[in-house]
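**Q** The following comprises the amino acid sequence and a computationally predicted model.
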Amino acid sequence: MANWLEGKVIENRRLNDYLTSLIIDVELNGYESGQFVRIGLNDGDTVLARPYSLVNTPEDSHLEVYFNIVEDGPLSPRLFDLRAGDDVLVSDNPSGFLTVSEIPQCKHLWMVATGTGIGPFLSILKSQAAWSKFEKIILCYSVSYAEELAYRDIIDLAADSHGEQFCYVPIVTREAYAGGLGKRVPTLMQDGSLEQYLGLTINADDSHVMMCGSANMITDVSAELASRGMKRHRRRDPGHFTTEKYH
């Protein structure tokens with residue numbers, strides 16, 4: 001069972017009226033890029049908490065989590081309104097399998113995110129381990145509206161630093177967007193649009209796919225990968241795709 005670390009909000013960095021990131025000052029040890037922690041607040045004699053992926057790397061001085069507000073939720077509206085100096089609780093047992101160390105050796109790492117599921121992949125992009133392990137890293141980032149394409153500074157830095165080793169595919173599904181693709185990720189895989197766009201194929205021989213985000217996306221993409229002879233990765237049974245979902 002987790003113990004709770006007492007953290008302090010350094011900044012509440014709003015993207016819009018429903019998306020924000022919290023920068024938290026707390027001493028958390030023993031975790032890898034791509035993992036998550038539980039963030040909580042005291043609620044009488046209990047702690048209200050839910051898991052959030054860490055955007056930061058272990059080398060960064062503060063923790064950062066990126067999330068959307070759930071209007072009728074018991075916790076996210078309270079977290080959304082926190083200000084610099086407010087107290088927040090952080091679990092002391094980071095978890096999760098979206099880490100470079102968990103992935104079998106392969107040529108191409110595909111990272112597929114919807115919405116705030118981009119968090120763990122930003123941490124991986126900022127770390128060094130993935131760049132020395134894979135020949136190519138592909139980030140597919142799907143949102144409903146273009147304004148939700150967050151953290152362009154981190155993505156642009158990865159592109160500038162790693163050149164052709166990095167491919168970025170922005171996907172906007174509910175409005176026209178000239179800079180990327182416009183259909184759901186499962187559809188883009190099923191009709192071949194994603195691979196045609198990149199000039200790469202997703203296959204069991206040289207690919208590993210990480211997914212984080214909506215349950216529907218993960219279910220549908222997993223089914224498509226299974227149809228290609230790819231299987232879910234487990235420590236005792238190495239496979240071709242890894243998932244993380246909190247719903």
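**A** Thanks, I have it.
**Q** Which parts of this protein are helices?
**A** 76-80, 119-126, 129-133, 152-162, 185-190, 193-198, 215-227 (DSSP state H).
**Q** Comparing these, which comes out most buried?
**A** Mean neighbour counts were compared across those using mean count of other C-beta atoms under 10 Å; the top stretch is helix 119-126, at a mean of 26. To be clear about C-beta, it is placed using only N, CA and C from the backbone, and glycine gets the same treatment.
**Q** any idea of the angle that one forms with helix 152-162?
**A** Per axes from the mean of the first three to the mean of the last three C-alpha atoms, to 10 degrees, the angle that helix 119-126 makes with helix 152-162 is 30 degrees.
**Q** what mean pLDDT does helix 119-126 have?
**A** Average pLDDT, helix 119-126: 98.
**Q** contacts for it?
**A** 33-36, 52-57, 60, 65-66, 96, 98-100, 111, 113, 130, 137, 139, 141, 151, 154-155, 158, 166, 210, 212, 244 (C-beta atoms under 8 Å, 6 or more residues apart in numbering).
**Q** swap in stretch 228-247?
**A** 36, 50-51, 53, 96-98, 102-104, 117, 120, 202-204, 207-215, 218, 221-222, 225.
**Q** That stretch: how far from the chain's middle?
**A** 16 Å (C-alpha atoms, centre = their mean, to the nearest Å).
**Q** do the same with stretch 75-93
**A** Worked out by C-alpha atoms, centre = their mean, stretch 75-93 lies 19 Å from the chain centre.
**Q** Buried residues of that stretch, list them for me.
**A** Within stretch 75-93, the residues that qualify as buried are Leu75, Ser76, Arg78, Leu79, Phe80, Leu82, Asp86, Val88, Leu89, Val90, Ser91, Asp92, counting by 16 or more other C-beta atoms under 10 Å.
**Q** could you show me where the strands are in this structure, in order?
**A** For the chain, the strands defined by DSSP state E cover 4-14, 19-25, 36-43, 46-53, 63-68, 87-91, 108-114, 136-143, 166-172, 207-212, 241-244.
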